[in-house]
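Enquirer: From the sequence below, what's the structure:
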Amino acid sequence: MRPVGGWGVQIAALLLSSTALAACGGDGPSPAAVDPLHYLITLDHLVAPGFTITTPAAHVDTTALGEGDAALASALAAEGLRSAARVEYQRSVDFGTSNGPIDIVATVERFAGSAGASSAYATTVRRLDATQGAVTTSTGPLGDEAHSISVVRTTSGGLQAVEITVVWRVDNLVNLIIARGRYGGTRLDDALILAGLQAQNEAGAGSG
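Expert: Model (predicted):
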């Protein structure tokens, strides 16, 4: 489907630049030495108007990352998680006619090395795929490894809502973008634009 609201205009360029992260040289610091807070997408990255910060960018621990899944939290720690950061944005619109995400959550997890990050990425993918109703979808080229799912639910008002999750790895960093909105009005393309921007932040900080 064609992207709506201008979210998909730069997808190809962003994804092409993200594939270069693993191959290009850089003079910046190793991603292992950079605070994940610096990688998160910011309010100014969101092309749709009306978003506000509902949960400011902050460090989160394994308990928060596991979201009630103690096994996942334990696995992240075991794979060498050093620090993580998360931010959430929302906008108030008429849900029944909305286009594009109305809720966006971005997370970056920094591990001691790429091997631990790759293992943690695989664990996260398995957990996402096990979600009831999850539909897996290809992301196209994004970082070193990438995966996405979508889940559709019916709201109390009878409308359908979709939650799209993109997870990808760049070296020792595992990223997640969650985009929620009206089913049919929020698409994978919307989440991939944001993923590409976050990947660019990591490239600018010296990863790859």
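Enquirer: Please enumerate the strands of this structure.
Expert: Assigned by DSSP state E, the chain shows strands spanning 52-59, 81-90, 103-111, 135-137, 145-154, 160-170, 173-182.
Enquirer: can you redo the ones you listed as JSON lines with distance to Glu202?
Expert: Quick note: C-beta positions are derived from backbone N, CA and C, even for glycine. As requested, these are exported to JSON lines (distance: least, CB to CB, whole Å):
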{"stretch": "strand 52-59", "distance to Glu202": "15"}
{"stretch": "strand 81-90", "distance to Glu202": "12"}
{"stretch": "strand 103-111", "distance to Glu202": "8"}
{"stretch": "strand 135-137", "distance to Glu202": "22"}
{"stretch": "strand 145-154", "distance to Glu202": "13"}
{"stretch": "strand 160-170", "distance to Glu202": "5"}
{"stretch": "strand 173-182", "distance to Glu202": "6"}
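Enquirer: Relative to Ala203, which of these is closest?
Expert: strand 160-170 (8.1 Å; CB to CB).
Enquirer: Can you spell out which helices and strands pack onto the closest one?
Expert: helix 114-129, strand 145-154, strand 173-182, helix 188-204 (3 or more CB pairs under 8 Å, 6 or more residues apart in numbering; DSSP states H and E).
Enquirer: Tabulate these (TSV), appending distance to Asn99.
Expert: What follows is these, written out as TSV (distance: least, CB to CB, whole Å):
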stretch	distance to Asn99
helix 114-129	25
strand 145-154	16
strand 173-182	8
helix 188-204	9
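Enquirer: and the strands of the chain as CSV, adding mean pLDDT and mean neighbour count?
Expert: Output for the strands of the chain, formatted as CSV (pLDDT from 0 to 100; neighbours: other CB atoms under 10 Å):
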stretch, mean pLDDT, mean neighbour count
strand 52-59, 97, 12
strand 81-90, 97, 19
strand 103-111, 97, 23
strand 135-137, 96, 12
strand 145-154, 97, 18
strand 160-170, 97, 22
strand 173-182, 97, 24
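Enquirer: Of all those, which one comes closest to Leu192?
Expert: The minimum distance between Leu192 and these falls on strand 160-170, with 6.5 Å, by CB to CB.
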